[in-house]
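[1] pasting the sequence and the predicted coordinates here, then a few questions.
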Amino acid sequence: MKRSFALVIIALALGACSREESQNPEPYVVDIANGERLVEAQCTGCHAPDGSGRTAEIPNLAGQPARYLESAMLAYRSGERHHAGLQDLFQRASLADLRDVAAYYASLPPVQSDSGAAGIAPEAIYAEGRQMAAACLACHGDHGFSTTPGIPNLAGQHPMYLIVATQEYANGTRNNAEKEAMLQGLDNVDIEKMAMYFAAQAPEPRDPPPFGNPVDGEAQTAVCGGCHGARGVSDDPMVPNLAAQEPHYLVEAITAYRDRERSHEDMMTHKSDAEIEDIAAFYAVQPAGPVVADDARTAEIVAKCDRCHGPTLGESSMVVPVLHGQNAEYLLRVMRQYRDGERGSSTMHKMSAGYSDRILAEIADYYATHPQSK
């Protein structure tokens, strides 16, 4: 019973406060002392007296917004969150008691966490994505680095570009029956995991191809660099990287755009065959690396998260939890569930889609080691 009561308070979900409040129009004056008594009687199996989780997998409740804590408990009681034991328990609980518990935890000083401990063994970081990618490696090479003439690299490509391209192959938009058949059975989350695996791989350095002149090719790429970057490393997540790309594939692709066999208004060119070979030779020998770290800088992601989950209690007008000072392992588990579609929030899924386990672990560690302020 103690563990069941405690678990309801920790859910990252919006509750059904508005419906409850419409039935209780009169303002309720919370009784923090009653909340403390309820917590001591029911919650101490999972939560320490200071409101911290007794293990790294149990979240800290101290200093969380009362509105959020109340909404999370009500979500279980209404069945919006699925847990048979908690739903039965809180269908018999009064709204006043839930509000008192929420107010008590909100009144406690935030827990000062001094370690993240969300690290993941390197070999396990992209395990699922590697499994999804296995069928592609026969053509695209080990870890997505192609050594087969005419077959492009997937290693080091922007994840969003790979996600969109793979989805287009899977649904037939790109009119490739072989790839469409290969991708059958993969859902969007599978494709996202596979894209993150390839994005995290570093293309290997290439020797100059047996055609073209890389030095002459640099001048020929002046227009290309507007979208693909000065040396073939794009800043736009929807524009592919050309650095270290398989040179025969580049020749075929650029020629197809020139001859209108491929259609893209920004790729119209009048280059000669020799100039195209020079361009391909130049891009093929340019250094490239994994793009995950560049695409998903932790500080930038945290800044986006803080728009709703700000570090100061009450900073957000939304009914959401404060993440600063929270247990890292708990945050990592929840973020994975949102990313993988296991938790029912389309907004959170869209925000986290494309983020690797490594990036999620870094976000979790950041919040765990940066305490909340009141």
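    Happy to help now that I have it.
[2] contacts and neighbour counts: CA atoms only from here.
    OK.
[3] in the stretch 251-374 of the chain, which spans are helices?
    Using DSSP state H, counting those that start in this stretch, the helices assigned to the stretch 251-374 of the chain run over residues 273-284, 292-295, 298-305, 328-339, 346-352, 357-369.
[4] of these, which is nearest Ser94?
    Closest of those to Ser94 is helix 328-339, at 27.9 Å (criterion: Cα to Cα).
[5] now tell me what touches the closest one from outside.
    For helix 328-339, contacts defined as Cα atoms under 8 Å, 6 or more residues apart in numbering pick out 12, 56-59, 116-118, 189, 343-345, 348-355, 357, 360-361, 364-365, 367-368.
[6] if you set the cut-off to 6 Å instead, what comes out?
    Residues from elsewhere that reach helix 328-339, judged by Cα atoms under 6 Å, 6 or more residues apart in numbering: 56-57, 116, 118, 343, 348-349, 352-353, 361, 364-365, 368.
[7] CSV please, covering the helices of the stretch 251-374 of the chain and showing mean pLDDT.
    As requested, the helices of the stretch 251-374 of the chain are exported to CSV (pLDDT from 0 to 100):
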stretch, mean pLDDT
helix 273-284, 97
helix 292-295, 53
helix 298-305, 82
helix 328-339, 88
helix 346-352, 76
helix 357-369, 84
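[8] find the one among these with the highest mean neighbour count.
    Counting by mean count of other Cα atoms under 10 Å, helix 273-284 has the highest mean neighbour count of the helices of the stretch 251-374 of the chain, with a mean of 25.
[9] now that helix - C-alpha only, CSV.
    As requested, the backbone C-alpha atoms of helix 273-284 are provided in CSV (Å, rounded to 0.1, in the frame of the first residue of the first chain):
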residue,chain,number,x,y,z
ASP,A,273,31.0,15.3,-67.0
ALA,A,274,34.6,16.2,-66.2
GLU,A,275,33.5,19.0,-63.8
ILE,A,276,31.1,16.6,-62.1
GLU,A,277,33.9,14.1,-61.6
ASP,A,278,36.0,16.8,-60.0
ILE,A,279,33.2,17.8,-57.6
ALA,A,280,32.8,14.1,-56.6
ALA,A,281,36.5,13.7,-56.1
PHE,A,282,36.6,16.8,-53.9
TYR,A,283,33.8,15.8,-51.6
ALA,A,284,34.9,12.2,-51.4
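[10] next, format the helices of the stretch 251-374 of the chain as a markdown table and append distance to Gly144.
    Supplementary listing: those in a markdown table, determined by distance: least, Cα to Cα, whole Å:
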| stretch | distance to Gly144 |
| --- | --- |
| helix 273-284 | 15 |
| helix 292-295 | 15 |
| helix 298-305 | 25 |
| helix 328-339 | 23 |
| helix 346-352 | 23 |
| helix 357-369 | 19 |
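[11] low-confidence bits of the chain, can you list those?
    For the chain, the stretches with pLDDT under 70 are 1-27, 83, 85-86, 89, 113-125, 268, 292-297, 312-317, 354, 373-374.
[12] ok, which of the helices of the stretch 251-374 of the chain comes nearest Leu69?
    Going by Cα to Cα, the one of these nearest Leu69 is helix 328-339, 16.2 Å.
[13] now that closest one: how far from the chain's centre is it?
    Distance, stretch centre to chain centre, for helix 328-339: 10 Å (Cα atoms, centre = their mean, to the nearest Å).
[14] re the thing from before, which among the contacts of helix 328-339 gets closest to Ala256?
    The nearest one, if we look at those relative to Ala256 and count by Cα to Cα, is Ala353, at 32.4 Å.
[15] residue contacts, the closest one?
    Taking Cα under 6 Å, 6+ apart, we find Ala353 in contact with Arg339.
[16] again, 7 Å this time
    With contacts defined as Cα atoms under 7 Å, 6 or more residues apart in numbering, the neighbours of Ala353 are Glu192, Arg339.
[17] cool, Lys179 as well?
    So Lys179 contacts Tyr169, Ala170 (Cα under 7 Å, 6+ apart).
[18] confirm it sits in a strand?
    No. Counting by DSSP: H, G, I helix; E, B strand; the rest coil, Lys179 is not part of a strand but helix.
[19] neighbours of Asp259, just the number please.
    A count of nearby residues for Asp259, using other Cα atoms under 10 Å, gives 13.
[20] got the phi and psi for it?
    Asp259 adopts backbone torsions of phi -90, psi 10, taken as degrees, to the nearest 10.
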